[in-house]
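sequence unknown, structure follows:
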């Protein structure tokens, strides 16, 4: 009887061990797929707002090559536009046209791991902040006196993470940013009706792959560093983030000039296409308000 109990105990322990290994392996696979590079061929000839692009490459502080477009039209002020995950610089072409019409030159990089930039690990904004810093440094070297930044989803988180390091941006526009990585993952689990606890290995491996703890990856925690004019955009029908999260980003923003605009029925990554007139009017109104404060 005792032998049978020991045998049963060994079988149970072995089965538990196998399930644990499979659980961790599946978690690694999901985290790896989520952060693996997504290279794409990008045309060297392209037109934005009626203007031809100039192909530019910059190097981030950790040596990653960032491939970009620069559209020169005005010469004194510029905006860096950052796309979301599983995309490339072309995702921001419509927004770039709005900024060009408002009197800004535009720089559109492919963030690391995406588009034509070096195929490194995607870290959902964490190390991508170095790409933004590289673009900002390049524009400064080119003589631009005022430089703003626009970001969509991952791109918006990138801007938030950079705020303690780039304190003199002229303004920021954050569209559809997650507030914390924990919530970002939870919402996606809810879409697939997966219990949150089941994704613990994904969180663990994700932190290991990106080199940042999940608690560090919280754009909302960086908003007190935002002292420059800020426009925060989102839709009220975005399944991967909630209205309350966007509101909290706005509330934590320390800028004396901040604006929040929520598009009724707007979904993630499609606001500019769903509401072209409202989107352009909102962005231009914010830019007019910001530039009105600048010395002539």
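All right, it came through fine. This one's a predicted model, so the numbers in the text were calculated from it and none came from an experiment.

which residues in this structure form helices?
Here the chain has its helices, by DSSP state H, at 2-35, 93-101, 128-141, 154-162, 181-191, 200-210, 219-222, 243-252, 271-274, 276-291.

comparing those helices by mean pLDDT, which bottoms out?
Across the helices of the chain, helix 2-35 has the smallest mean pLDDT, namely a mean of 81.

what comes up buried for it?
27-28, 30-31, 34-35 (16 or more other CB atoms under 10 Å). No exception for glycine: its C-beta is placed from N, CA and C like everyone else's.

include distance to residue 72 when you put the helices of the chain into a markdown table, please.
Below are the helices of the chain laid out as a markdown table (distance: least, CB to CB, whole Å):
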| stretch | distance to residue 72 |
| --- | --- |
| helix 2-35 | 34 |
| helix 93-101 | 10 |
| helix 128-141 | 11 |
| helix 154-162 | 22 |
| helix 181-191 | 36 |
| helix 200-210 | 35 |
| helix 219-222 | 31 |
| helix 243-252 | 32 |
| helix 271-274 | 23 |
| helix 276-291 | 18 |
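
figure out which of these is closest to residue 122.
helix 2-35 (4.9 Å; CB to CB).

what about residue 197, how many neighbours?
Residue 197 is flanked by 7 other residues according to other CB atoms under 10 Å.

ah, wrong one, I meant residue 256
For residue 256, the neighbour count with other CB under 10 Å is 9.

what's the answer for residue 36, then?
Residue 36: 12 neighbours (other CB under 10 Å).

over to residue 276?
12.

quick check: closest non-adjacent residue to it.
Nearest residue to residue 276, sequence neighbours excluded (CB to CB, 6 or more residues apart in numbering): residue 94, at 7.7 Å.

I figured that neighbour hits residue 272, correct?
Yes - when contacts are counted by CB atoms under 8 Å, residue 94 is listed as touching residue 272 (4.8 Å).

and the gap between residue 219 and residue 255?
Here residue 219 is placed at a distance of 15 Å from residue 255 (CB to CB, to the nearest Å).

and these two? Which one has more around it.
Of the pair residue 219 and residue 255, residue 219 is the one with more neighbours under other CB under 10 Å, namely 25 against 17.

show me what contacts the more buried one?
By CB atoms under 8 Å, 6 or more residues apart in numbering, the residues touching residue 219 are 125, 156-157, 160-161, 177-180, 249.

columns distance to residue 265 and neighbour count on top of the residues you listed, output as TSV?
Putting these into TSV (distance: CB to CB, whole Å; neighbours: other CB atoms under 10 Å) gives the following:
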residue	distance to residue 265	neighbour count
125	26	30
156	20	27
157	24	33
160	25	27
161	29	26
177	19	28
178	20	27
179	21	23
180	25	19
249	20	26
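
okay then, goodbye and thanks.
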